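> Sequence first, predicted coordinates after that:
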Amino acid sequence: MAKPLYRRVLVKISGEALMGSAGFGLDPATVDRISKEIIDLRAQGVEVALVVGGGNIFRGVQVAASGIDRATGDYMGMLATVMNAMALGASIERHGETARVMSALEMPAICETFSRPKALRHFDQGHVMIFAAGTGNPFFTTDTAAALRAAEMRCEVLLKATNVDGVYTADPKKDPSARRYDRLSFDEALARDLKVMDAAAFALARENGIPIIVFSIHEPNSIVAAVMGTGRGTLVGA
Ligand SMILES: Nc1ncnc2c1ncn2[C@@H]1O[C@H](COP(=O)(O)OP(=O)(O)OP(=O)(O)O)[C@@H](O)[C@H]1O
Ligand SMILES: O=c1ccn([C@@H]2O[C@H](COP(=O)(O)O)[C@@H](O)[C@H]2O)c(=O)[nH]1
């Protein structure tokens, strides 16, 4: 049986994927399916931190298109990630593991505010860590937050569980002739301006020597497979 390649991982969960086949919001079956994979990883002794996106509810850019200023839209997007984090945390706990949600924006009535020493302590105690509200700053994305928290939490890899099964030469949703990479360097990803993640996220991961695996969250057990090294996806590294 395959063994985990990594002991401590950060998984970036696509917000958009959490809506399942609905056009908006949270699909409970999808949330539960993802939670069960996280629990399977914990059962294998893997320490798991999560950063969740907000694309199933609000993205700052989309909010801005309706006339609200961009920074306000971004704060709305960050609040969306808090709701997703709470849903994932509740589902993980329902399935028998302990989870701690920490938000980059203060909302003490709801969850803890992010503090690195506290987060490391929670991690050492075996809790699944869920980092909400991105970086806490507008004009960023949860991909950048994922690279940032992965570095802060000393994770060995960043797993981007998303809507596509890897990094392509161009956006495969727009260009049917795009080809998928098995492996790719950070320098190439940045030089080719591949939009699967923003440049800040790639640069932060490169600086901290954290490889990124991009894979489809729609494939059953793909998070576990990525940790075992048996899944389909693209490895972005040095
Ligand atoms: N070169 C590329 N290779 C692969 N996907 C790409 C590329 N360029 C753009 N994309 C797009 O990037 C998307 C994944 O990134 P995106 O930030 O939109 O999603 P996410 O981070 O998974 O979701 P969310 O923002 O909801 O958390 C894919 O759905 C794909 O259409
Ligand atoms: O550090 C951050 C992270 C996110 N945002 C805003 O939230 C939404 C949702 O995040 P996604 O990464 O798109 O899933 C994003 O569009 C931004 O508007 C932010 O401002 N700062």
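Thanks, I have the structure now. Ligands and ions are numbered 1, 2, ... in the order given.

> tell me which parts of the chain are close to ligand 1?
Within reach of ligand 1 by C-beta under 6 Å from any ligand atom, the chain has these residues: 14-16, 53, 55, 142-143, 162-164, 167-168, 170-173, 194-196. In short, each C-beta sits where N, CA and C put it, glycine included.

> Show me which residues of the chain sit near ligand 2.
15, 53-55, 59-60, 73-74, 77-78, 80-81, 134-135, 137-138, 140-143, 145.

> Buried residues, the helix or strand of the chain with the lowest mean pLDDT. List them.
Lowest by mean pLDDT, DSSP states H and E among the helices and strands of the chain is helix 60-65, with a mean of 88. With burial defined by 16 or more other C-beta atoms under 10 Å, the residues of helix 60-65 counted as buried are 60, 63-64.

> Tell me where the protein has helices.
For the chain, helices defined by DSSP state H occupy the ranges 28-43, 60-65, 70-94, 116-124, 142-152, 186-191, 199-207, 222-228.

> Would you mind putting those helices into TSV with distance to Ile213 alongside?
Below are the helices of the chain laid out as TSV (distance: least, C-beta to C-beta, whole Å):
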stretch	distance to Ile213
helix 28-43	14
helix 60-65	26
helix 70-94	20
helix 116-124	20
helix 142-152	12
helix 186-191	13
helix 199-207	11
helix 222-228	5
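
> Return the most buried member of those.
Highest mean neighbour count among the helices of the chain (mean count of other C-beta atoms under 10 Å): helix 142-152, with a mean of 25.

> which other helices and strands contact that helix?
Packed against helix 142-152, as judged by 3 or more C-beta pairs under 8 Å, 6 or more residues apart in numbering; DSSP states H and E, are the following elements: strand 8-13, strand 47-52, strand 157-162, helix 199-207.

> quick check: angle from it to helix 199-207?
20 degrees (axes from the mean of the first three to the mean of the last three C-alpha atoms, to 10 degrees).

> Run through who's touching helix 142-152.
For helix 142-152, contacts defined as C-beta atoms under 8 Å, 6 or more residues apart in numbering pick out 10, 12, 15, 49, 51-54, 81, 104, 116, 119, 131, 134-135, 155, 157-158, 160, 197-198, 200-202, 204-205, 208, 210, 212.

> of these, buried ones?
Buried members of those, scored by 16+ other C-beta under 10 Å, are 10, 12, 15, 49, 51-54, 81, 104, 119, 131, 134-135, 155, 157-158, 160, 197, 200-202, 204-205, 210, 212.

> ok, now which ones touch the closest residue to Arg206 other than its chain neighbours?
Excluding its sequence neighbours, the residue lying closest to Arg206 (C-beta to C-beta, 6 or more residues apart in numbering) is Phe186, at 3.8 Å. Going by C-beta under 8 Å, 6+ apart, Phe186 touches 202-203, 205-206, 236-238.

> With Ala203 instead?
Contacts here follow C-beta under 8 Å, 6+ apart; on that basis Ala203 touches 186, 190.

> State the distance from it to Arg149.
Ala203 sits at a distance of 15 Å from Arg149 (criterion: C-beta to C-beta, to the nearest Å).

> got it, and Asp40?
22 Å.

> and what of Asp187?
Counting by C-beta to C-beta, the gap from Asp187 to Arg149 is 23 Å.

> In the chain, which residue sits closest to ligand 1?
Closest contact between the chain and ligand 1, by C-beta to the nearest ligand atom, is at Gly53 (1.8 Å).

> need the contact list for that residue.
Shown in contact with Gly53 (C-beta under 8 Å, 6+ apart): 12-16, 81, 84, 141-143.

> at 7 Å what do you get?
Residues in contact with Gly53 (C-beta atoms under 7 Å, 6 or more residues apart in numbering) are 13-16, 81, 142.
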